[in-house]
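[1] starting from these lines, generate the structure:
(2 chains)
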Amino acid sequence: MIDLDPLTVATIFAMALATYLAKAGGMWVLDRIEISERTEAGLEALPGGIIVAILAPRLVDGDPATWVAAGVVLVVAYKTENVLLSLIVGFVTVLVLRGQVVALLG
Amino acid sequence: MDDSQSDDGPVPTERSASAESTVSAESTVSGPDTDDPPSFSLAGVRDGFRACVPIALGVAGYGVVFGVLARRAGLSTAEATLMSATVLAGAAQVIAVGIWEYPIPVVALVVTTFVVNLRYALMGASLRPWFRHLSPRETYGSLFFMADENWALTMAELRSGGTQGAFLLGSGLAIWTFWVASTILGATVGGVVEDPARWGFDFVLTAVFLVLAVTLWEGKRSFAPWITAAAVALAGARFLPGEWYILLGGLAASAVAVIRRD
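    Below is the predicted model of the structure:
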């Protein structure tokens, strides 16, 4: 039941350490160094940039069902700000477009 | 931790209302520099936990998704649970299982995790005016449990005059509990599904990132960095091995944001 691969566990611990360094490092570093507004702007742009970088090839290489569902997710997420609802609606859209719902019904 | 919102500084939200109701009313408008420094008590932990439970329930929905994705990526339920318990950073974990493969790209995973979580450095720093009254053990112990949601909640609480230094820890424990439990649930369910692509599971990850993108969108200000990130990532994905295009895209967005600061 408990299935732990040593390298996987080591990687997870390294990720945990990296995350903690980021969480605690700010308090520690900014205690000693004044960062510029430029640096701050650069840090703020990182998460969004990374998300977009992940998405771009996925969307470009996707099938038409993916494109339509992606649009649906964007609209629902923007309008409702509800994470779970957006995911469910997008997921159902993909299923419908790929014909799985029809297959389910008969 | 899912809807990692833009780090445009401490934003008092309407959540503070629910937080305040559970916190003593004695502290009115006392800034961090008054003679009413934050205390660190069990009552503070409890208040933080209670105030954060409704938010943690929302986080749990996302945790189920993470559990499913982790199983899809090849992680066992125990490994997915271990990651949620020790890393405790939603966006970074979802990205990690998105690029997870075998053999494990250890360096790319760790570096990406660090870069995605760099925003926490700013968030942690923003708590300094209050946390400098606490001991290092209290401060650096609490920071482990900092996620986007409970950081925002704590910030709102302290800014409105709260004096519970343990609020971040308490609210973080709520997030941690729900996050780990929902990961186990998602990983258990995710291991059962066969032929996931046929059922659209390949789209779940894309959808998660789309939702994250919407929460991170800051209007016109995001446009140029994001277009650049997309272009660099597409080129990188075509011409570079592995997942380095992700970091390159992120850094390109960062560079554009720095240049446009003028």
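
[2] how far does stretch B:129-144 sit from the chain's center?
    Computed by C-alpha atoms, centre = their mean, to the nearest Å, the chain-centroid distance of stretch B:129-144 equals 19 Å.

[3] which residues touch it?
    By C-beta atoms under 8 Å, 6 or more residues apart in numbering or on different chains, the surrounding residues in contact with stretch B:129-144 are A:20, A:23-24, A:27, B:32-33, B:37-38, B:40, B:88, B:124, B:158, B:165-166, B:168-169, B:172. The way it works is simple: take the backbone N, C-alpha and C, and place the C-beta from them, glycine included.

[4] tell me if stretch B:225-237 is near chain A.
    Yes - looking at stretch B:225-237 against chain A by C-beta under 8 Å from any C-beta of the partner chain, the contacts come from B:225, B:226, B:228, B:229, B:230, B:231, B:232, B:233, B:234, B:236, B:237.

[5] using CSV, lay out those residues together with pLDDT.
    Output for the residues of stretch B:225-237 next to chain A, formatted as CSV (pLDDT from 0 to 100):
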residue, pLDDT
B:225, 96
B:226, 97
B:228, 97
B:229, 97
B:230, 97
B:231, 98
B:232, 97
B:233, 96
B:234, 97
B:236, 95
B:237, 93
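
[6] which of the residues you listed are buried? Put it as a ChimeraX command.
    In ChimeraX, this line selects whichever of those come out buried by 16 or more other C-beta atoms under 10 Å in any protein chain shown:
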select /B:225,226,228,229,230,232,233,234,236,237
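
[7] can you list contacts of stretch B:55-63?
    With contact meaning C-beta under 8 Å, 6+ apart, stretch B:55-63 is reached by A:83-84, B:1-2, B:15, B:84, B:90, B:147, B:149-150, B:153, B:171, B:174-175, B:177-183, B:185-186, B:208.

[8] go through those and flag which are in helices.
    Among those, DSSP state H puts A:83-84, B:15, B:84, B:90, B:149-150, B:153, B:171, B:174-175, B:177-183, B:185-186, B:208 in helices.

[9] just the buried members of the residues you listed?
    Neighbour-count burial (16+ other C-beta under 10 Å) applied to the ones in helices among the contacts of stretch B:55-63 gives A:83-84, B:15, B:84, B:90, B:149-150, B:153, B:171, B:174-175, B:177-183, B:185-186, B:208.

[10] now do the buried residues in stretch A:43-60.
    For stretch A:43-60, burial by neighbour count (16+ other C-beta under 10 Å) applies to A:43-59.

[11] among the contacts of stretch B:129-144, name the buried ones.
    For the contacts of stretch B:129-144, buried by 16+ other C-beta under 10 Å: A:20, A:23-24, A:27, B:32, B:38, B:40, B:88, B:124, B:158, B:165-166, B:168-169, B:172.

[12] closest one of those to residue B:219?
    residue B:124 (25.9 Å; C-beta to C-beta).

[13] ok, the closest one - contacts?
    Counting by C-beta under 8 Å, 6+ apart, residue B:124 touches A:23, A:24, A:25, A:26, A:27, B:143, B:146.

[14] about what we covered before: could you list which of the buried residues of stretch A:43-60 also contact chain B?
    Among the buried residues of stretch A:43-60, the residues that sit close to chain B (C-beta under 8 Å from any C-beta) are A:43-59.

[15] return the alpha-carbon coordinates of stretch B:94-105 using CSV.
    Extracted C-alpha coordinates of stretch B:94-105, given in CSV (Å, rounded to 0.1, in the frame of the first residue of the first chain):
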residue,chain,number,x,y,z
VAL,B,94,0.4,21.1,-10.0
ILE,B,95,3.1,22.3,-12.3
ALA,B,96,5.5,19.7,-10.9
VAL,B,97,3.2,16.8,-11.7
GLY,B,98,2.6,18.4,-15.1
ILE,B,99,6.3,18.1,-16.0
TRP,B,100,6.9,14.9,-14.0
GLU,B,101,8.2,11.9,-16.0
TYR,B,102,10.5,9.0,-15.7
PRO,B,103,13.5,9.2,-15.4
ILE,B,104,12.7,12.1,-13.0
PRO,B,105,13.9,15.5,-14.2
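
[16] can it be found next to chain A?
    Yes - Stretch B:94-105 reaches chain A (C-beta under 8 Å from any C-beta) through B:95, B:96, B:98, B:104.

[17] any low-confidence regions in chain A?
    Scanning chain A for pLDDT under 70 picks out A:1, A:100-106.

[18] excluding its backbone neighbours, what's nearest residue B:83?
    Here the nearest residue to residue B:83 in space, its sequence neighbours aside, is residue A:12; by C-beta to C-beta, 6 or more residues apart in numbering or on different chains that works out to 4.8 Å.

[19] how far does the host helix or strand of residue A:41 sit from its chain's centre?
    Using DSSP states H and E, residue A:41 sits within helix A:37-60. Relative to the chain's own centre, helix A:37-60 is displaced by 11 Å; criterion: C-alpha atoms, centre = their mean.
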